[in-house]
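[1] Here is my input; please provide its structure:
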Amino acid sequence: MQRWWLFTVRGVFAVLFGVAALVWPGLTLIALIILWGAYVFFDGAMMLYLTFAHQEWPARWALGLVGVLGLVTGLVALFWPGITASALLLLIAVWALVAGVLQIVDAIRLRKVMRNEWFYVVTGVLTVLLGVILVLNPAAGALAFVITIGAFAILWGVVLVLFSLRLKRLDGGLARPAHRV
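    Sure, this is the predicted structure:
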């Protein structure tokens, strides 16, 4: 896959976002909303690019849906940063649950063309786990929220980078048989 590096870029941005959230936990909630909104908007744009650039991708609709969801969620966070913390948590929880399930579906479809697609499954599971945590504990304080999001972003980013390295090894596209990976 020629554009494997886009998954690397997504992972690096996730790690950078996570480190920033952990280094400056005293950021105001509005600053975090703007930072998160920019990240999700960028991530959504990358996913839409992947959707249109890879006609051969097994579940393009999933990439596209995650991309649109990221763009819309990012714009809401950027243009209405004054929403309450509870509303933000719910918005992020919904994004995490939907995006995580779609990533798992996409990874399962990748089983037909590559082995060890579990890196992408792990990103989906981690995303769903974040959504569940946020739904179960919406009254969490802003500091706990920042730390949770930061730790999740670092872990998710590392797994995305590892997944991108698996994609790089496909060396010729998704058309190669799985036994060549």
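
[2] Run through this structure and note the low-pLDDT ranges.
    Low-confidence segments of the chain (pLDDT under 70): 1, 26-29, 82-86, 138-143, 171-181.

[3] and if we set it to 50?
    Along the chain, the model assigns pLDDT under 50 to residues 175, 181.

[4] Now find how far off-centre stretch 24-37 is within its chain.
    Relative to the chain's own centre, stretch 24-37 is displaced by 18 Å; criterion: CA atoms, centre = their mean, to the nearest Å.

[5] Over to stretch 69-87?
    Relative to the mean C-alpha coordinate of its chain, stretch 69-87 is positioned 16 Å out (CA atoms, centre = their mean).

[6] my guess is residue 70 meets residue 38, correct?
    No. The pair residue 70 and residue 38 fails to qualify as a contact (CB atoms under 8 Å) at a distance of 11.0 Å. C-beta coordinates here come from the backbone N, C-alpha and C atoms, glycine included.

[7] quick one: which of these two has more around it?
    In this view residue 70 and residue 38 are compared by other CB atoms under 10 Å, and residue 70 has more residues nearby, 23 against 15.

[8] Could I get the contacting residues of the nearest residue to that one once chain neighbours are set aside?
    Nearest residue to residue 70, sequence neighbours excluded (CB to CB, 6 or more residues apart in numbering): residue 44, at 2.4 Å. By CB atoms under 8 Å, 6 or more residues apart in numbering, the contact set of residue 44 is 66, 67, 68, 69, 70, 71, 72, 73, 74.

[9] 7 Å instead, please
    67, 68, 69, 70, 71, 74 (CB atoms under 7 Å, 6 or more residues apart in numbering).

[10] After whatever helix or strand residue 50 lives in, which helix or strand is next?
    Following DSSP states H and E, the helix or strand that holds residue 50 is helix 29-53. Going down the chain from helix 29-53, the next helix or strand is helix 60-79, by DSSP H and E.

[11] Which strands or helices does the first helix or strand past that following helix going along the chain pack on?
    Later in the chain than helix 60-79, the nearest helix or strand by DSSP H and E is helix 85-110. Contact analysis of helix 85-110 by 3 or more CB pairs under 7 Å, 6 or more residues apart in numbering; DSSP states H and E lists helix 29-53, helix 60-79, helix 118-136 as its packing neighbours.
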